[in-house]
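In: sharing a sequence plus its predicted fold:
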Amino acid sequence: AQTVTQSQPEMSVQEAETVTLSCTYDTSESDYYLFWYKQPPSRQMILVIRQEAYKQQNATENRFSVNFQKAAKSFSLKISDSQLGDAAMYFCAYKPGGSEKLVFGKGTKLTVNP
Amino acid sequence: NAGVTQTPKFRILKIGQSMTLQCTQDMNHNYMYWYRQDPGMGLKLIYYSVGAGITDKGEVPNGYNVSRSTTEDFPLRLELAAPSQTSVYFCASSVTGNTIYFGEGSWLTVV
């Protein structure tokens, strides 16, 4: 079964510092997609970044970047220059290329300290 | 830009009652989904649709029904509500089936 593991239930970072959230996944598929979603207290799910497994280059969106290690099945999210508005739950998610089932991890609660 | 719109945002149901969560999207996305999120957990797929007239079960379909008569609308029906269905429900859509965009969620409490 495909699983997504986020080993850090909670993380904290000082404003303007950098933080890395961990995610590992288990799959035998070669074609898949990985995502990080942000869920603020409003509970809305906001797409932060996505990575196609066939791309070797790590995805980047402004202050957000990933470290995709396909062999290790690792997909960590780095947030640079952390801002108070980054405080939220962050969910890592996996989707096989031929399936509509998005598998989520249990989330990491990020606190940003002023 | 309305995106994915869900109604109602909050609802309290009594055990055994039925209700429909409405979902509509204005992005002409062919894929639509219903997820539920229990406290402290990630989202789990209830049902999905790859186009009008086509629906399929996800991980946790029991106790729910869906229909997809138009591209825009994907209502979720709860029959005979049970306390185990207390959750936050998210409707979502995508154009390719890869990047999925979510609505703002509907809080449902069954008492």
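Out: Received the coordinates, thanks.

In: which residues sit in contact with A:Gln44?
Out: By Cβ atoms under 8 Å, 6 or more residues apart in numbering or on different chains, the residues touching A:Gln44 are B:Phe102, B:Gly103, B:Glu104, B:Gly105. C-betas here are computed from N, CA, C, even on glycine.

In: got it, and A:Gly85?
Out: A:Val112.

In: ok, it to B:Lys14 distance?
Out: 39 Å (Cβ to Cβ, to the nearest Å).

In: next: A:Gly107.
Out: 31 Å.

In: who has more neighbours, the two?
Out: Neighbours were counted for A:Gly107 and for B:Lys14 using other Cβ atoms under 10 Å in any protein chain shown; A:Gly107 has more, 23 against 8.

In: A:Thr5 is in contact with the more buried one, correct?
Out: No: taking contacts as Cβ atoms under 8 Å, A:Gly107 lies outside contact range of A:Thr5: 11.2 Å.

In: between the two, which contacts overlap?
Out: What both A:Gly107 and A:Thr5 touch, as defined by Cβ under 8 Å, 6+ apart, is an empty set.

In: quick check: residues of chain B near chain A?
Out: The interface of chain B toward chain A, taken as Cβ under 8 Å from any Cβ of the partner chain, is made up of B:31, B:33, B:35, B:37, B:40-45, B:48, B:50, B:56, B:58-59, B:88, B:90, B:92, B:97-105, B:107.

In: can you do 7 Å?
Out: Chain B comes close to chain A at residues B:31, B:40-43, B:45, B:48, B:58-59, B:88, B:90, B:97-102, B:104-105, as judged by Cβ under 7 Å from any Cβ of the partner chain.

In: near chain B, which residues of chain A?
Out: Counting by Cβ under 7 Å from any Cβ, chain A sits next to chain B at A:33, A:43-45, A:47, A:50, A:91, A:95, A:100-102, A:104-107.

In: among those residues, which two are most distant?
Out: Within the residues of chain A next to chain B, A:Tyr33 and A:Arg43 form the most distant pair, 23.2 Å apart (Cβ to Cβ).

In: looking at those two now, which is surrounded by more residues?
Out: Counting neighbours by other Cβ under 10 Å for A:Tyr33 and for A:Arg43 shows that A:Tyr33 has the greater number, 20 against 16.
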